[in-house]
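A.B. asks: What would the 3D arrangement of this be:
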Amino acid sequence: MYATEFWQALACMSLFFCLSGFESSGSICNIQDLSPTFAGSISGMVFFFTSLPGIVGVYLTGYILHATGSWHVVFQLTAVICFFGNIVYVIFATSRRIA
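C.D. replies: Next comes the predicted model:
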């Protein structure tokens, strides 16, 4: 499905930015709630690992596009990574305060 009109693209972008707030209410706030004493150190480690896909993803996307010539593989791989990341979060996330 592609946006053929400007208003469709604008609606999709607006919806994306509105829904992106849900991410902040989960993983980012979870750090402060669970370990206020070590929130700074834990945030640094978490944000380091979450920035790695922004670096590695550019090269991986270029490689996949060069090899296949299709964006479908890139989006499918992204969906699989996000799905399994969410599964790991659901399994290992806890509401028990650490320190």
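
A.B. asks: Let me know the helix or strand that the spatially most central residue of the chain is in.
C.D. replies: By CA atoms, centre = their mean, the chain has its centre lying nearest to Cys82, at 6.6 Å. Cys82 belongs to helix 71-92 when assigned by DSSP states H and E.

A.B. asks: Check Thr50 too.
C.D. replies: Going by DSSP H and E, Thr50 is part of helix 39-68.

A.B. asks: What are the buried residues along that helix?
C.D. replies: Neighbour-count burial for helix 39-68 flags Ile42, Ile64 (criterion: 16 or more other CB atoms under 10 Å). Where C-beta positions appear, they are placed from N, C-alpha and C, glycine not excepted.

A.B. asks: and the angle for it with helix 71-92?
C.D. replies: 150 degrees (axes from the mean of the first three to the mean of the last three CA atoms, to 10 degrees).

A.B. asks: Please state the offset of helix 39-68 from the chain centre?
C.D. replies: 10 Å (CA atoms, centre = their mean, to the nearest Å).

A.B. asks: quick one: least confident helix or strand in the chain?
C.D. replies: helix 21-23 (a mean of 75; mean pLDDT, DSSP states H and E).

A.B. asks: Could you check the helix holding Cys82 and say which residues are buried?
C.D. replies: So for helix 71-92, counting by 16+ other CB under 10 Å, buried means Val74.

A.B. asks: now stretch 20-34
C.D. replies: For stretch 20-34, by 16+ other CB under 10 Å, it's Asn30, Ile31, Leu34.

A.B. asks: Which of those lies at the shortest distance from Ile87?
C.D. replies: Nearest to Ile87 among those is Asn30, at 16.2 Å by CB to CB.

A.B. asks: Which residues are in contact with the closest residue to Arg97 other than its chain neighbours?
C.D. replies: Leaving aside its sequence neighbours, Arg97 sits nearest to Leu34 (CB to CB, 6 or more residues apart in numbering; 5.8 Å). Leu34 sits next to Thr94, Ser95, Arg96, Arg97, Ile98 when contact means CB atoms under 8 Å, 6 or more residues apart in numbering.
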